[in-house]
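Student: coords below, sequence missing:
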């Protein structure tokens, strides 16, 4: 068997290379998509034209790159802002111990490009926010293997911002399908999002319950669990004692974890609490989610199957959400997540804010962060008053935060806001501002 | 201060150690699995075992690598020549006895059944995997698999409020809610609150606990009435009382031995302990004896309570009451174990209610006309698009291979003509097993269309699924499937059948 070695430009396909794939592209069948036409051109499309973006080169990302490369995709970009850590090696198989410290996207791309002749993975050692519409617009399909809900929502918002409407009708050519996968221990999910058409990430935000933080009074004066002692050490002792000077606590620094661990043990001893271990300490400080190779393999496989279906029109894609759990046997559940009529991301309808004029701005801020359908992280609120743009409150820039902080205690009336006033809210969870309409209640 | 030096292995495996612990990892590192056929499905399964640290693996594969193999397999880029499983079965079947588990991938029916028989006699667990077009198939064959820790997602708490043990009773008695100051009152654990009000209820209801919805609502009201009121007769904000009300259902769950554990205790293996009995059965026997003596009809106390609003001291004191009782019960169980056997088992009795046994039928039983599970097959086929039809098609395709020494539709020109041939195989299969079911022609067409393809993404899905089942068998943690798993990549659905 002769293999054309190392060619990066076309013509490096040996006999039979794509046999497994071709059966689904070149043969008619009873269950294919109604638009499917068997042809030898589909394979060429995959090999030479179809451009896929993979977000994340970690547990899911490594699997996705392999799966796509072995399904005929060659024009692949991968974005990841992280470098490789030893603890990644139990599942992120494109990395070896010698790669620790190097950017994931680059090492992953190198490995795939060397192993799969003809495949051209282009790495980007970046945050997704480093790119704008012009970057994302070039892809046919985007598949995410992220570990952050904020990043998912941002990506979701970006693709929604690319949609174009003519006379209120969505232009299908502006839709970039988003396949999103997520895993946690032995559980995972995969979903297909057609922005503007099917449920988006924000439509189903309640599926991601907000992260539970322990109440401060429990941590400060009434600990019961070893976790409370660890949080005490992290949140209260570290800022007070500044054990390493002005350095912020770094969960990846074993010396830092060791310090938190020892202080947590002392705290626990005071209250006769058992169970503080180094492993637990690291888990709490870094918010570690357990992870194994198998779950990532399953979910990435399901996602890649969907990419293939959409790119080739071979089958009707998943509509639209798959849940997987192999704690007890193997369990899957497939359902159609519904769009929300007033989704803050994809409904194009200004969001409703109901408050009495006597309500303080602080209450509005709390609503934006605590409401389960919004779950904003640090919203920046601006509005137009007397024809001028005015920032009501912004947290992320220290000087502006200090200047606008007094506004939080003022009532909406005092701030000069009127019934029907439009507020523009920016947040890390979305690349575009979200428009809210203030409705005064009595 | 010196940072704690963690071994690089602990760091590397940190994310999975949080799932199956050091003892699970140890079992994995002491295991030696055998993979038969290094196809895409096989190598993907193996990758997902090598990554978490499997001790050793052996690959048995008599095929030479072809161009299409390199096309779907991440681990092939050169040819290899190896042993043939059929030859091994002919000449040296005991070769397979050394393995912790055998994974058979893309096996023709005859090889699969022969191997199944050898492994069944040797009590070596056997996992059969097949990727066929867009369909994934797994069959687990293990005579008796003991699960020491099932890690259920939603386990019921073991609070014993319906039958408080002496130490719990006296601890509850040490509280006098009526005479407490607000600070103490608001930070009393809800378990105590429920216990106190339950006492009240029982004294007023002829020792009958709240049973139906109406009574439980009345009980909740009773608890609410206990919330302190301020000078204006307005109820204070007592979150612990809210917790008590919310947890009434949990609290009133009767203390009961789970059915699965009851069955184990009444099983033959538990009654007939010999020096050959696995420690799992010895522990179960000891637990049985405990139930009949110190336990007064109940399992050893688990010893954990959920977190709840309380001040540190009250919570820790209450937690310790349960913990100390659990330790006492565990010591009693240990004494029983000592009486039963010299060596103490490695199984911990705190997981008593999470013990499970999974018994998967042999392939011989599944394939025999006398013992085929007709009911399971025909009842699922009431829905003609159920995954069961995919199982039947895989069986038919195996039959086709036996007759024609090839799979249907491998080459384009074969697809059309093989449809009628495959249909004959389907009919003979249904006839042989007297299965009065209807298989749509569309499925026969689709399976010819597949041409025995092994697309990578389907192989990868199966590879992840299979690897985790192997890990479950090796570690005796988490419950494996029983016994046939079908994955449909077209619809992204799956099903598990017991065949």
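Tutor: Everything's here; your move. Remember, predicted model here, so these are calculated numbers, not experimental data. Numbering: from 1, shown residues only, chains lettered A, B, ... in the order given.

Student: Start and end of stretch B:241-260, how far apart?
Tutor: Start-to-end span of stretch B:241-260 (CA to CA, to the nearest Å) is 35 Å.

Student: per-residue confidence averaged over that stretch?
Tutor: Taken as a whole, stretch B:241-260 carries a mean pLDDT of 94.

Student: Quick check, residue B:283 in contact with residue B:336.
Tutor: No. Assessed by CB atoms under 8 Å, residue B:283 is found out of contact with residue B:336, at 9.3 Å. In short, each C-beta sits where N, CA and C put it, glycine included.

Student: okay, the two: which has more neighbours?
Tutor: Ranked by neighbour count (other CB atoms under 10 Å in any protein chain shown), residue B:283 and residue B:336 place residue B:283 first, with 29 against 21.

Student: which SS state does that one fall under?
Tutor: Three-state assignment for residue B:283 (DSSP: H, G, I helix; E, B strand; the rest coil): helix.

Student: mind checking how far it is from chain A?
Tutor: Distance of residue B:283 to chain A, given as CB to the nearest CB, to the nearest Å: 21 Å.

Student: Model confidence for that residue, exactly?
Tutor: Value listed for residue B:283 in the pLDDT field: 88.

Student: Show the contacting residues for the one residue in the stretch 351-499 of chain B that gets nearest to chain A.
Tutor: Nearest to chain A, among the residues of the stretch 351-499 of chain B, is residue B:464, at 3.0 Å (CB to the nearest CB). Contact analysis of residue B:464 by CB atoms under 8 Å, 6 or more residues apart in numbering or on different chains lists A:293, A:294, A:295, A:296, A:297, A:298, A:301, B:44, B:48.

Student: Output the lowest mean pLDDT helix or strand found in the chain.
Tutor: The chain I'm using is chain A. The weakest-scoring helix or strand in chain A, judged by mean pLDDT, DSSP states H and E, is strand A:165-166 (a mean of 89).

Student: Can you look at chain B instead?
Tutor: helix B:67-72 (a mean of 80).

Student: Output the contacting helices and strands for that helix.
Tutor: On a contact count with 3 or more CB pairs under 8 Å, 6 or more residues apart in numbering or on different chains; DSSP states H and E, helix B:67-72 meets helix A:19-25.

Student: Show me what the helix or strand following the helix it packs on is packed up against.
Tutor: Where DSSP states H and E defines the elements, the next helix or strand beyond helix A:19-25 is helix A:41-44. On a contact count with 3+ CB pairs under 8 Å, 6+ apart, helix A:41-44 meets helix A:19-25.

Student: Give me the contact list for the helix it packs on.
Tutor: Against helix A:19-25 from outside (CB under 8 Å, 6+ apart): A:38-40, A:42-43, A:46, A:71-72, A:308, A:312, A:314, B:67-68, B:71-72, B:133-134, B:449-451, B:453-456.

Student: Quick check: mean pLDDT of that helix?
Tutor: 95.

Student: Quick one: the helices in the stretch 101-250 of chain A, in order.
Tutor: Along the stretch 101-250 of chain A, counting by DSSP state H, counting those that start in this stretch, helices occupy A:104-115, A:133-136, A:149-161, A:216-221, A:226-232, A:238-241.

Student: Following the chain past the last one, name the next helix or strand.
Tutor: Going down the chain from helix A:238-241, the next helix or strand is helix A:254-270, by DSSP H and E.

Student: quick one, longest helix in the chain?
Tutor: In the absence of a named chain, this looks at chain A. Determined from DSSP state H, the single longest helix within chain A is helix A:293-312.

Student: please go with chain B instead
Tutor: When chain B is parsed with DSSP H, its longest helix is helix B:312-340.

Student: re earlier: top of the contacts of residue B:464 by neighbour count?
Tutor: Ranked by neighbours (other CB under 10 Å), the contacts of residue B:464 are led by residue A:297, which has 34 neighbours.

Student: Check what pLDDT the residue nearest to it when sequence neighbours are not counted gets.
Tutor: In space, and not counting its chain neighbours, residue A:297 is closest to residue B:464: 3.0 Å by CB to CB, 6 or more residues apart in numbering or on different chains. pLDDT, residue B:464: 98.
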